[in-house]
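[1] Below are the sequence and a predicted model for it; my questions follow.
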Amino acid sequence: MRLTDINEFDAVIARAEPIIHTIVARHRTSGLPLTWRLIHSIESEVLTELTRSNDLQPAYINLIKHSGVFKYPLNDDPVDFGKSGAIACAFSMIYEAFHRAH
């Protein structure tokens with residue numbers, strides 16, 4: 001993977017967006033808030049779907065998931081990134097889609 005291979009990363013983002021919107025729409029019908037447990041679950045579903053498509057490189061798929069460096073909670077509290085300037089790409093996309101649908 002080279003940093004100049006931005007087209008591959010863009011392909012992952014483009015493929016992830018409709019997957020995220022579909023999954024978020026399914027969860028939004030419950031009327032429940034976006035919790036840490038739910039955002040982790042949605043991220044896992046998105047990554048599974050992206051991995052199933054054999055035309056995307058796993059290294060680029062891994063760039064959008066949370067790295068574990070940031071210790072995001074895994075509980076039923078509503079998601080709150082506070083004033084964080086560094087948010088995992090998938091989490092950011094999920095959060096935005098969830099609140100746009102609201």
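    Received the coordinates, thanks.

[2] Could you pull up the mean pLDDT of whichever strand or helix holds A59?
    Here A59 sits within helix 58-62, counting by DSSP states H and E. Mean pLDDT, computed over helix 58-62, is 94.

[3] for it, which positions count as buried?
    60-61 (16 or more other C-beta atoms under 10 Å). Every C-beta, even on glycine, is put in place using the N, C-alpha and C of the backbone.

[4] try stretch 84-102
    By neighbour count on 16+ other C-beta under 10 Å, the buried set for stretch 84-102 is 88-91, 93-95, 97-98.

[5] Run through the helices of this protein in chain order.
    Assigned helices in the chain, in chain order: 6-28, 36-52, 58-62, 89-101 (criterion: DSSP state H).

[6] how about the CA coordinates for the last one, as PDB?
    The C-alpha atoms that make up helix 89-101 are tabulated as PDB, following Å, rounded to 0.1, in the frame of the first residue of the first chain:
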ATOM      1  CA  CYS A  89     -13.400   7.000   9.800                       C
ATOM      2  CA  ALA A  90     -16.200   4.400  10.000                       C
ATOM      3  CA  PHE A  91     -17.400   5.800  13.400                       C
ATOM      4  CA  SER A  92     -17.600   9.300  11.900                       C
ATOM      5  CA  MET A  93     -19.500   8.000   8.900                       C
ATOM      6  CA  ILE A  94     -21.900   6.000  11.000                       C
ATOM      7  CA  TYR A  95     -22.400   8.900  13.400                       C
ATOM      8  CA  GLU A  96     -23.100  11.300  10.600                       C
ATOM      9  CA  ALA A  97     -25.500   8.900   8.800                       C
ATOM     10  CA  PHE A  98     -27.400   8.200  12.100                       C
ATOM     11  CA  HIS A  99     -27.900  11.800  12.900                       C
ATOM     12  CA  ARG A 100     -28.700  12.800   9.400                       C
ATOM     13  CA  ALA A 101     -31.500  10.200   9.400                       C
END
